[in-house]
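**Student:** Please work out how this folds:
(one chain, ligands or ions: 1)
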Amino acid sequence: MAVPLRALLCPTQAPAHLLLRAPARLCLAGTQFQYLVVEKKGEKQNVGVIQLNHPKALNALCDGLMNEMNQALNDFEDDPHIGAIVITGSEKAFAAGADIKGDADQNFPGMLRGQFPCTLEQSLSGQEASHSSCEWIFSGQWL
Ligand SMILES: C/C=C/C(=O)SCCNC(=O)CCNC(=O)[C@H](O)C(C)(C)COP(=O)(O)OP(=O)(O)OC[C@H]1O[C@@H](n2cnc3c(N)ncnc32)[C@H](O)[C@@H]1OP(=O)(O)O
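**Tutor:** Purely as a prediction, here's the structure:
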C-alpha cells in the first residue's frame, strides 16, 4: 500500500492546515542544531535563514555555534533550490563576538593574533572562491 509522502515527513496527527503552515524547521543532513534555528523561507522556500539561537550568552560565538554555522552554510550552499542565505540574531543581540567565557584561556590580543576559532570566516572565504550561486545577507550588527 502506498504511504502518503506527508505521513512520512510529518508523522503526527496535527491538522493538515497546521502542517502546511508550519515553518520548515530543518535538521539539515540529519543534524540537530543546539545553537541555531535553521529554516527555509519565502514563497518558493528558496531563502535559507540561519538564526543564532544562544540568547542567554547574547549569541557569543562558541565553538559549538561556529561548527553548526559551518554545517548549515555548507548544507544551504549545496542545496540547488536555495538562492539566498540570511544570517540573523536574537531580539537583543546579533552576537556578542567571541565566547570569552567558554574560552577562558583566550584574551583579546590572542584572538586578534588568529587564535579565534573562526570557522565562519573560513567558510565564507571558501564560498567566495567557489562558484556559489547564493547571495549572503547578514541581519543585525555586532555588539
Ligand atoms: C577576533 C574576535 C574578537 C572578538 O570578538 S572580541 C569581542 C568579545 N566580546 C566581548 O568582549 C563582549 C563581552 N560582553 C559585554 O561586554 C556585554 O555582555 C555587552 C556589552 C555585550 C552586553 O551587556 P549586557 O546587556 O549588560 O549583558 P550581560 O549581562 O553582560 O550579558 C548577558 C549574558 O551573556 C553573557 N555574555 C555576553 N557576552 C559574552 C561573550 N562574548 N562570551 C560569552 N558570554 C557572553 C554574559 O556573561 C551574560 O551571561 P550570565 O548572565 O550567565 O553571566
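**Student:** Which one of the residues in the chain is closest to the ligand?
**Tutor:** Scanning the chain for proximity to the ligand using CB to the nearest ligand atom identifies residue 97 as nearest, at 2.8 Å. Any C-beta I mention is one placed from the backbone N, CA and C, and that applies to glycine too.
**Student:** Isn't that residue up against residue 61?
**Tutor:** Yes. Under the criterion of CB atoms under 8 Å, residue 97 makes contact with residue 61 at 6.5 Å.
**Student:** Comparing those two, which residue is more hemmed in?
**Tutor:** The neighbour comparison of residue 97 against residue 61 (other CB atoms under 10 Å) goes to residue 61, with 26 against 16.
**Student:** Got phi/psi on that one?
**Tutor:** Reported as degrees, to the nearest 10, the phi and psi values for residue 61 are phi -90, psi 70.
**Student:** Isn't it up against residue 95?
**Tutor:** Yes. With contact defined as CB under 8 Å, residue 61 reaches residue 95; the gap is 5.9 Å.
**Student:** For the helix or strand where residue 50 lies, which helices and strands make contact with it?
**Tutor:** Assigned by DSSP states H and E, residue 50 belongs to strand 47-52. On a contact count with 3 or more CB pairs under 8 Å, 6 or more residues apart in numbering; DSSP states H and E, strand 47-52 meets strand 36-41, helix 63-78, strand 84-88.
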